[in-house]
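Peer 1: what's the 3D shape of this:
(one chain, ligands or ions: 1)
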Amino acid sequence: MASIVTLISGRGSNFEAIVKTAQKEGWPVEFTGVIANHSAAKGLDFARSQGIPAFSIEHREHATRESFDAALMMKIDELGADLVVLAGFMRILTPGFIRHFEGRLINIHPALLPAFPGLHTHERALAAGVAEHGASVHFVTEGVDEGPIICQASVSVHPDDTADSLAARVLAAEHQIYPRAVKWFLDGRLRIEGNQVQVQPPESQLIKL
Ligand code: GRF
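Peer 2: Predicted structure coming up:
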């Protein structure tokens, strides 16, 4: 059975969406652990409520990024991970960590990449006056928010949107595409060709909500 380790920093609603979809659809998968970079991350409570092993590795207790990532890597390997899911994990990962998990490390970003990599995507989308915004699930490579895109969801920007109202609409879209992308991975349907991901057999990699 495939195993998934999830990394979170906060409320973990994407993690929750993936676990609930897996339960509902009966995926042959084991969530072998959730790791947060601080013990106050709310998502750890959900994990515990589901009997999923929950851990925190305090990034503040590590003097360097390399030392934190080495501890994280060791824990993930100990848990055994066919797939590592970054779900609102707010730490930049070192190249060594990324190389170690290359091809089985995925992330969700709250924007239609390559637009708006980095932070404060909803504010920046509003400031730019875009008509469409959204979210992207992608393989993680060394460039921040640059890896091959697996799946995207787009939502309309409304004239009266605030960053919060837009974030809520995008989050609902995230909860639809992240479980879908994880399932594609587990089913062995993803082929990475250069910077592109093909889904086999083909299925739309963009959903409009
Ligand atoms: C999501 O918007 C995700 O795209 C971003 O951080 C947020 C995490 O939310 N990277 P949650 O912890 O999954 O609820």
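Peer 1: for the nearest residue to A181 once chain neighbours are set aside, give me its contacts.
Peer 2: Counting by Cβ to Cβ, 6 or more residues apart in numbering, A181 lies nearest to V137, which is 4.0 Å off, once chain neighbours are set aside. In short, each C-beta sits where N, CA and C put it, glycine included. By Cβ atoms under 8 Å, 6 or more residues apart in numbering, the contact set of V137 is I106, N107, I108, H109, I149, I150, C151, Q152, I177, Y178, A181.
Peer 1: repeat the analysis, applying 6 Å as the threshold.
Peer 2: Residues near V137 by Cβ atoms under 6 Å, 6 or more residues apart in numbering: I108, I150, C151, I177, Y178, A181.
Peer 1: so for the residue in the chain that the ligand sits nearest to, what's the pLDDT?
Peer 2: Distances between the chain and the ligand by Cβ to the nearest ligand atom are smallest at G88, namely 2.6 Å. Looking at G88, its pLDDT is 96.
Peer 1: so which bits of this protein are right by the ligand?
Peer 2: 8, 10-14, 43, 87-88, 108-110, 171, 174 (Cβ under 6 Å from any ligand atom).
Peer 1: the residue of the chain closest to the ligand reaches G10, doesn't it?
Peer 2: Yes - shown here, G88 and G10 form a contact pair, counting by Cβ atoms under 6 Å, at 5.2 Å.
Peer 1: of the two, who's got more company?
Peer 2: The neighbour comparison of G88 against G10 (other Cβ atoms under 10 Å) goes to G88, with 22 against 17.
Peer 1: check contacts around the more buried one.
Peer 2: Taking Cβ under 6 Å, 6+ apart as the test, what G88 contacts is I8, S9, G10.
Peer 1: any idea how far H100 is from D161?
Peer 2: To H100, D161 is 39 Å away according to Cβ to Cβ, to the nearest Å.
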